[in-house]
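Visitor: structural data only, the sequence is not supplied:
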């Protein structure tokens, strides 16, 4: 029985796919949704924008939801190496240049953004690290930053299951709001939400973890962690597994 489970779980181990596509898990996991409508916020902000930057565009999938609203002067950045060529391929037909850039999760001020002062009137940022001071430099006066972030202590359960956690406690709504204000932004909207991910079983959890390898220990594999995975399977009675989901968003205007 255990060997059959391990064989099934090993089948979930695969290379990181291109872009940010979680559709393969549509019938294997659910996640509670935040109460705000980020799509609507993007559309409203893009309605008056002429010079737009999308930070951490992934494969460009989310940005292209708004292709009908993007101005001619739209630029994107991406720092995750597997996604750079994907984003360039997807966005080039729309005249959008993709520049390789990513701030680290910590010490975000250590990497200068490759843009001139006052370059943009709108910066969109969905789940990407950023320096508030660099945003204040590249966003023109009265320009807007609109960001949604993943809470830095999301999925803290992983640390308990596998003995390691990549938690970033400084990534939270209150601190990010304060840092934007200190950098010269008026924060005019925002909220935070705590919910759950629900996976149908350990196999579904493993399929998800293949898409977000930074959430697991560097040496993570089914064989190396089989005892912990089998224990998790027993404790969940082979059924659903839940993890904490955290999101927050902020909208700021540069003074």
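Guide: All right, it came through fine. Predicted, not measured: the structure shown is a model, and the values here were computed from it.

Visitor: what's residue 123 sitting at in phi/psi?
Guide: phi -120, psi 120 (degrees, to the nearest 10).

Visitor: correct me, but it touches residue 145?
Guide: Yes. Under the contact definition of Cβ atoms under 8 Å, residue 123 touches residue 145, with a separation of 4.7 Å. For every residue, glycine as well, the C-beta is placed using N, CA and C.

Visitor: overlap in contacts of those two?
Guide: Jointly contacting residue 123 and residue 145 under the rule Cβ atoms under 8 Å, 6 or more residues apart in numbering are 135, 139.

Visitor: neighbours around residue 234, how many?
Guide: 10 (other Cβ atoms under 10 Å).

Visitor: cool, and the one 10 residues further on?
Guide: Close neighbours of residue 244, defined as other Cβ under 10 Å, add up to 15.

Visitor: so which helix or strand of this protein has the lowest pLDDT on average?
Guide: When each helix and strand of the chain is scored by mean pLDDT, DSSP states H and E, helix 157-162 comes last, with a mean of 92.

Visitor: now do the contacts for the nearest residue to residue 10 once chain neighbours are set aside.
Guide: Distance criterion Cβ to Cβ, 6 or more residues apart in numbering; nearest residue to residue 10, sequence neighbours excluded, is residue 222 at 5.0 Å. With contact set as Cβ under 8 Å, 6+ apart, residue 222 has these partners: 6, 9-10, 12-13, 206, 229.

Visitor: with residue 249 instead?
Guide: 34, 36, 38, 41, 146-149, 189-191.

Visitor: and what of residue 198?
Guide: 29-31, 240-242 are the contacts of residue 198 under Cβ under 8 Å, 6+ apart.

Visitor: quick one: low-confidence residue ranges for the stretch 101-250 of the chain.
Guide: In the predicted model of the stretch 101-250 of the chain, residues 165-166 satisfy pLDDT under 70.

Visitor: how about the strands in the stretch 1-150 of the chain?
Guide: 29-31, 51-55, 73-78, 97-100, 120-126, 139-150 (DSSP state E, counting those that start in this stretch).

Visitor: looking at it, residue 133 is touching residue 139, isn't it?
Guide: No. If you go by Cβ under 8 Å, residue 133 and residue 139 don't touch, sitting 11.0 Å apart.

Visitor: now residue 123: how far from residue 254?
Guide: Noted for residue 123: a distance of 10 Å to residue 254, by Cβ to Cβ, to the nearest Å.

Visitor: more crowded one of those two?
Guide: residue 123 (29 against 22).

Visitor: tell me the bridge partners for the more buried one.
Guide: residue 53, residue 145 (DSSP bridges).

Visitor: so who does it touch?
Guide: 52-55, 135, 138-139, 143-147.

Visitor: more neighbours, residue 133 and residue 139?
Guide: Neighbours were tallied for residue 133 and for residue 139 using other Cβ under 10 Å; the higher tally belongs to residue 139 (27 against 15).

Visitor: contact partners for the more buried one?
Guide: Residues in contact with residue 139, defined by Cβ under 8 Å, 6+ apart, are 118-123, 145, 254.

Visitor: and it, how far from residue 24?
Guide: For residue 139 relative to residue 24 (Cβ to Cβ), the value is 36 Å.
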